[in-house]
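> Task: produce atomic coordinates for the following.
(one chain, ligands or ions: 1)
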Amino acid sequence: MLAYFGPQGTFTEQAARGFASPQQELVPFDTVPAALAATRRGETQAACVPVENSVEGAVPATMDALTEGEPLVAVAEAVLPVRFSVLVRPGGAPVRTVASHPHALAQVRHWLAEHLPAADVVATTSTAAAARAVLNGEFDAAVSAPVAVRHYPLEVLATDVADVRDAKTRFLLVRPPGELPEPTGHDRTSVVCTAADRIGALSELLTELALRGINLTRIESRPTKGRLGEYRFYIDFDGHVTEPRVGDALAALHRHCPQTRFLGSYPKAEPGGAVAGNEQFVAAAEWVETVRRGHGA
Ligand SMILES: O=C(O)C(=O)Cc1ccccc1
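Now for the predicted structure:
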């Protein structure tokens, strides 16, 4: 069974369908922490959750829920384009309230200001929860994934709504630590480090990556929720932990931040980015071996 951030008709469900094997049952949960908790309890083998959006940035609920509680590791990622539909109850009543997930609302602000300027905007747990609430009469319109109309008998007021063209959301498939996915040559590694509160702490972490020619693909900070000014850094970089230089970098991060949590090494959904060849690192390590054996200099 595969848990996903639901209910039925979310963008996350579409990503989960891409991850699931044909026989695998998909189970919706109304929040990201609930989907992850089911996987931690072993009720589902894995969970699919949204992690970041190209317009609105990180999904804080996912970042927090991956850091707190028993470890989970990502084994796959998916990147989906996001375009929204505005759904209403059949009958054409005036739209006084419009609801959706905060990330969706942030991506249709201009459209709402232009087309539904008088409507109150309300945040719901997900885009599909908004569609469900419209069906129940709680709100007048929902900003949803186009597939939501298949699950909720609503009328489509507008399609292809997006202030920014080509917005994309990245999703992760996570499960309890186990065998790692095989390296593919275009992988990403994710970690979270709690940096010490002192001068240069973050720059030391980034230098460990830079010195090894490792391309940073994302860095986000979240408060630890302890002392004001204390942060966790979510760091994604190119490479797989089984590669020697990535393993070395991870060990260095752990030396700087003993609370470093490994969040997975998995194939990138969209290969690309700055690639520094592994060959020089392998050749240099082999040279050191010859020196150690007394054969090189
Ligand atoms: O609410 C959803 O449908 C989600 O899966 C989260 C989300 C919200 C907005 C854009 C992409 C994903």
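> Ala74 versus Arg188, what's the distance?
To Ala74, Arg188 is 9 Å away according to C-beta to C-beta, to the nearest Å. Placement of C-beta: from N, CA and C, glycine included.
> same check, this time on Pro7
Separation of Pro7 from Ala74 (C-beta to C-beta) stands at 23 Å.
> Look at the two and report which has more neighbours.
The residue with more neighbours, out of Pro7 and Ala74, is Ala74; 24 against 20, by other C-beta atoms under 10 Å.
> Tell me the bridge partners for that one.
Assessed by DSSP bridges, Ala74 has beta-bridge partners Val174.
> what comes up buried for the lowest-mean-pLDDT helix or strand in the chain?
Here the helix or strand of the chain ranked lowest by mean pLDDT, DSSP states H and E is helix 279-292, holding a mean of 85. Across helix 279-292, burial judged by 16 or more other C-beta atoms under 10 Å covers Phe281.
> Need the residues that contact it.
For helix 279-292, contacts defined as C-beta atoms under 8 Å, 6 or more residues apart in numbering pick out 212-213, 244-245, 296-297.
> same thing with stretch 250-265?
Counting by C-beta under 8 Å, 6+ apart, 66-67, 71-75, 172, 174, 180-181, 183, 187-196, 201, 204-205, 208, 234-235, 239-242, 246 sit against stretch 250-265.
> I'd like to know how many residues surround Asn136.
With other C-beta under 10 Å as criterion, Asn136 counts 10.
> swap in Gly42?
8.
> ok, now Ser221?
When neighbours are counted by other C-beta under 10 Å, Ser221 registers 14.
> correct me, but it touches Gly229?
No: counting by C-beta atoms under 8 Å, Ser221 stays clear of Gly229, with 11.0 Å between them.
> and the stretch 51-200 of the chain, which of its residues are near the ligand?
Residues of the stretch 51-200 of the chain lying close to the ligand (C-beta under 6 Å from any ligand atom) are 53, 82, 101, 103-104, 126-128, 145, 169.
> now, which of the residues you listed lie within strands?
Cross-referencing these against strands under DSSP state E gives 53, 169.
> and the residues of the stretch 51-200 of the chain next to the ligand, which of them are in helices?
In helices, defined here by DSSP state H, the members of these are 103-104, 127-128.
> Just the buried residues from these, in ChimeraX please.
In ChimeraX, selecting the buried portion of those, with burial taken from 16+ other C-beta under 10 Å, looks like this:
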select :103,104,127,128
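> which of the ones in helices among the residues of the stretch 51-200 of the chain next to the ligand lies closest to Ala20?
Set against Ala20, the nearest of these by C-beta to C-beta is Ala128 (17.4 Å).
> What about the closest residue to the closest one other than its chain neighbours, how many residues nearby?
Once flanking residues are discounted, Ala128 sits nearest to Gly9: 3.8 Å by C-beta to C-beta, 6 or more residues apart in numbering. Neighbours of Gly9 under the rule other C-beta under 10 Å: 27.
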